[in-house]
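S.K.: Kindly return the folded structure for what I paste below:
(one chain, ligands or ions: 2)
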Amino acid sequence: MPVATPDPTAERMLDHLAGAGGGVLALRDADVGTSRERSRRARFVRLAALVWVPVGLGWLRTLTMGPASAFLPLPQVDPFLVTIIVFFGLLLALAVGQQLLSGRSPHVTYRPEQIDVRLADVVGIDGVKDDVVRSLNLFLAHRTFSREMGGTPRRGLLFEGAPGTGKTHLARAMAKEAGVPFLFVSAPSFQSMWYGATAKKIRSYFKALRKAARKEGGAIGFMEEIDAIATSRGGVASAMAPGTMSPSRVAGCHGMSSLPAAYAAVTNGVDAGTVRTAFTSEGTGGVVNELLVQMQSFDALTGWQRLGGWLVDRANLLLPPERQLRRPALLPSNVLLIAATNRADSLDPALLRPGRFDRRLTFELPAKSGRRALVDHFLAGKSHAAELDDGERRDALAALTQGYSPVRIEHLLDEALVAALRRGSREMTWSDVEQARLVEEVGTGAPVEYTAHERCLIATHEAGHATLAWLTAPQRRLEVLTIIRRRGALGLLAHGDREEVFTRSRIELQALVQIAMGGQCAEELFFGDVSTGPGGDLLYATNCAAEMVGAHGMDGSLVSYLAVQNSAACDTNLVGRVLADDRGRDRVEALLQAQKATARALLDANRHLVEALRDALLEREELIGAEITDVLERAAARPRVVDLRDPAGGRLGAPVD
Ligand SMILES: Nc1ncnc2c1ncn2[C@@H]1O[C@H](COP(=O)(O)OP(=O)(O)OP(=O)(O)O)[C@@H](O)[C@H]1O
Ligand SMILES: [Mg+2]
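M.R.: Ligands and ions are numbered 1, 2, ... in the order given. Next comes the predicted model:
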């Protein structure tokens, strides 16, 4: 849409929109600032008229009738009548008020001055931030973008991602930078026990959003946890869900998949992944429909415009065609609606189409560089010892917090401060951070009185895991080996990747299964029996093996069980689908047995390592980091004596101290 004479302000704005990292447009230079100034002046004129008209009338009366009659005389009313009118008036107000309140929007409006977060305070998610700055600039220069280029500004952004990845934080920073009101609402608060009240509340919210936008030149709405009211209506998801194959979609290979949560971070007790269980309320369909309608009604007429239009229509009925009056023009409201959710897949697909939530931004867990930036950001505001200013220490902390969300990193440092306080210090040290991480990842230790036999059994079991991890997975870091009860586990080995990884090879996955089998094998080798202890290990190993067989084509079959759709098997997860199939189950069983045999043979050949670790555990109860590898290295370096008279020791490779 070419223009004859380029407007320098518009050109400046468009230049800004074109630049990626150019920051947010200044409010006074943007369309939002211009609209706000215009409505401020109009408000001022209205107020002046309101004040000056009665003053002028009073003055006129004074001039014409004298000062005594400048004000109209109050009518004489019977007080009894007034009491009755007030009483019934109050009753009526109560009844009407209840009706009105049940449909009131539950939002809270924040003015930019009330928000204390700026875009500079959002760190470690640069990709999303760039995109958000672009959307914000489009919002600020919406009129120039439409007039000069014919584009339609973005109206909706969907923030999806795991809890604590900064969705709300970024939205608040956006409202601060944009300098417009921020209407925060939590989607569950729309729900009401009264029939129809939920839809009414949604209508009121959008009305408030439009009103604020008209007054201030623009407004940002933020709907927290939108999935509470916008889950798929029956029958829509399967037909239109993004990701399902349809003839019109471009065919292509998927990129490499990232690690499934099942074995992304083995040490990580808490799964930061998305929540999968869905809750659908009875009236979901109606509520979603209301949301769909409202998201297309940002340009609705105001009450005055509707009244004006009605009057014009009445007048036009009396006027000939050539004298017809024009209805008031529709005033677009500059609204940006942001919705956040942990499970975008459960949303109704109609909400995700362009024109509603045009842009879907995924908040991933931060990568190592992001975590380093977050560590710097959070440490800047928390008292810490000089050793934590060391770049290498901070890098190490960024490496150790793999799989952490920003809020979890912040919480870790807060816990370190608590640990420092408990020590009697006012600043955290590296060891406080390590202590906090131990508690964060494996929980606090609970003293339990084991019997001597159980204590030895648990120590042997955990030593079996650790020995196998050391032997088969050099790429893994052994973090904690303990026989103190933590988070419901009688003992545990915590191990993690040395480097941040996004894929795993078959050998690495096999090693993970072997490590999981290590406990049971050690029990068999040293006690000739197995206990109930390895139940959790078998669960983990089965999950891992089922993924290898049914999703990654790593065990003879190339069939992906994830491809199954619209069948009874869809009601279960991947493991369920693989195990429900006889051939899948046989493959998983064979894989587990084979890995167990390898694990057992390895442990059998390295009994001395298991024994060394077991003894160290019985003595110290908990070994951390290098303490584990020290024991193993010392035991490995010790000369081994084979007692040929001992039937067990006489086997080739079986060591006896
Ligand atoms: N990128 C970030 N930079 C700095 N601080 C962050 C960042 N992300 C999160 N935080 C911190 O974590 C806190 C929680 O983040 P936030 O509430 O935005 O998470 P969320 O993604 O909205 O989570 P939920 O899905 O549970 O609502 C913030 O108040 C902030 O202190
Ligand atoms: Mg949030």
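S.K.: nearest spatial neighbour of Leu400, skipping sequence neighbours?
M.R.: Arg437 (6.5 Å; C-beta to C-beta, 6 or more residues apart in numbering). Backbone N, C-alpha and C define where each C-beta goes, glycine included.
S.K.: Repeat that for Asp131.
M.R.: Per C-beta to C-beta, 6+ apart, closest to Asp131 is Leu361, 5.8 Å.
S.K.: for that neighbour, what are its contacts?
M.R.: Contacts here follow C-beta atoms under 8 Å, 6 or more residues apart in numbering; on that basis Leu361 touches Val128, Asp131, Val132, Leu157, Leu158, Phe159, Glu160.
S.K.: Can you tell me which of the residues you listed are buried?
M.R.: Val128, Val132, Leu157, Leu158, Phe159, Glu160 (16 or more other C-beta atoms under 10 Å).
S.K.: Same list (the contacts of Leu361) but as JSON lines, adding secondary structure.
M.R.: As requested, the contacts of Leu361 are exported to JSON lines (DSSP: H, G, I helix; E, B strand; the rest coil):
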{"residue": "Val128", "secondary structure": "helix"}
{"residue": "Asp131", "secondary structure": "helix"}
{"residue": "Val132", "secondary structure": "helix"}
{"residue": "Leu157", "secondary structure": "strand"}
{"residue": "Leu158", "secondary structure": "strand"}
{"residue": "Phe159", "secondary structure": "strand"}
{"residue": "Glu160", "secondary structure": "strand"}
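S.K.: between these, which is closest to Ala546?
M.R.: Comparing the contacts of Leu361 against Ala546 with C-beta to C-beta picks out Glu160 as the nearest, at 27.1 Å.
S.K.: The closest one contacts Ile338, doesn't it?
M.R.: No: the criterion here is C-beta atoms under 8 Å, and Glu160 misses it with Ile338 at 11.3 Å.
S.K.: circling back: in three-state terms, how would the residue nearest to Asp131 be classified?
M.R.: Classified using three-state DSSP, Leu361 is strand.
S.K.: Tell me which stretches of the stretch 451-600 of the chain form helices.
M.R.: All helices of the stretch 451-600 of the chain, identified by DSSP state H, counting those that start in this stretch, fall at 452-472, 506-527, 535-550, 574-580, 582-605.
S.K.: Determine the set of other helices and strands touching the shortest one.
M.R.: Secondary structure elements in contact with helix 574-580, counted by 3 or more C-beta pairs under 8 Å, 6 or more residues apart in numbering; DSSP states H and E, are helix 535-550, helix 582-605.
S.K.: Mind doing that once more with 6 Å?
M.R.: Applying 3 or more C-beta pairs under 6 Å, 6 or more residues apart in numbering; DSSP states H and E, we find helix 574-580 packed against helix 535-550.
S.K.: Tell me the buried residues in the helix it packs on?
M.R.: Buried residues in helix 535-550, counted by 16+ other C-beta under 10 Å: Asp537, Tyr540, Ala541, Thr542, Asn543, Cys544, Ala545, Ala546, Glu547, Met548, Val549, Gly550.
S.K.: do the same with stretch 107-118
M.R.: For stretch 107-118, by 16+ other C-beta under 10 Å, it's His107, Tyr110, Pro112, Ile115, Val117.
S.K.: what's the answer for stretch 359-377, then?
M.R.: So stretch 359-377, judged by 16+ other C-beta under 10 Å, has buried residues 359, 361, 363, 365-367, 370-375, 377.
S.K.: avg pLDDT for stretch 122-132?
M.R.: Over the span of stretch 122-132, the pLDDT mean works out to 89.
S.K.: Show me how far it is from its chain's centre.
M.R.: On the basis of C-alpha atoms, centre = their mean, to the nearest Å, stretch 122-132 sits 14 Å off its chain's mean C-alpha point.
S.K.: neighbouring contacts of that stretch?
M.R.: Ala20, Gly166, Leu170, Ala173, Leu361, Pro366, Gly370, Ala373, Leu374, His377 (C-beta atoms under 6 Å, 6 or more residues apart in numbering).
S.K.: what do you get if the cut-off is 8 Å, keeping everything else the same?
M.R.: With C-beta under 8 Å, 6+ apart, stretch 122-132 has contacts from 20-21, 119, 157, 165-166, 169-170, 173-174, 359, 361-364, 366, 369-371, 373-374, 376-377, 406.
S.K.: pLDDT below threshold where in this protein?
M.R.: 1-6, 19-22, 67-73, 234-285, 297-300, 331, 566-570, 640-657 (pLDDT under 70).
S.K.: Give the burial count for the residue of the stretch 51-200 of the chain found nearest ligand 2, as a bare number.
M.R.: The stretch 51-200 of the chain approaches ligand 2 most closely through Thr168 (3.3 Å), counting by C-beta to the ion. Thr168 has 18 neighbours, counted by other C-beta atoms under 10 Å.
S.K.: Could you list which residues are in contact with it?
M.R.: Neighbours of Thr168 in contact, by C-beta under 8 Å, 6+ apart: Phe222, Glu224, Ala340.
S.K.: Report the buried residues of the helix ranked longest in the chain.
M.R.: Looking across the chain with DSSP state H, the single longest helix is helix 31-65. Judged by neighbour count using 16+ other C-beta under 10 Å, the buried positions of helix 31-65 are Asp31, Val32, Gly33, Thr34, Ser35, Arg36.
S.K.: wait, which of those residues is closest to Ala594?
M.R.: Using C-beta to C-beta, Val32 comes nearest to Ala594 of those, at 65.0 Å.
S.K.: coming back round to it: and the residue nearest to Leu400, which of the three is it?
M.R.: helix.
S.K.: ok so, going back, the buried ones among the contacts of Leu361: which two are farthest apart?
M.R.: Val132 and Glu160 (13.5 Å).
S.K.: Relative to the whole chain's centre, how far out is stretch 302-309?
M.R.: With C-alpha atoms, centre = their mean, you get 41 Å for stretch 302-309.
S.K.: Oh, that last question was meant for stretch 384-393, not what I typed.
M.R.: Relative to its chain's centre, stretch 384-393 lies at 30 Å (C-alpha atoms, centre = their mean).
S.K.: ok, the residue in the stretch 451-600 of the chain positioned nearest to ligand 1 - contacts?
M.R.: Nearest residue of the stretch 451-600 of the chain to ligand 1, counting by C-beta to the nearest ligand atom: Glu500, 17.7 Å away. By C-beta under 8 Å, 6+ apart, the contact set of Glu500 is Ala367, Lys368, Ala399, Gln402.
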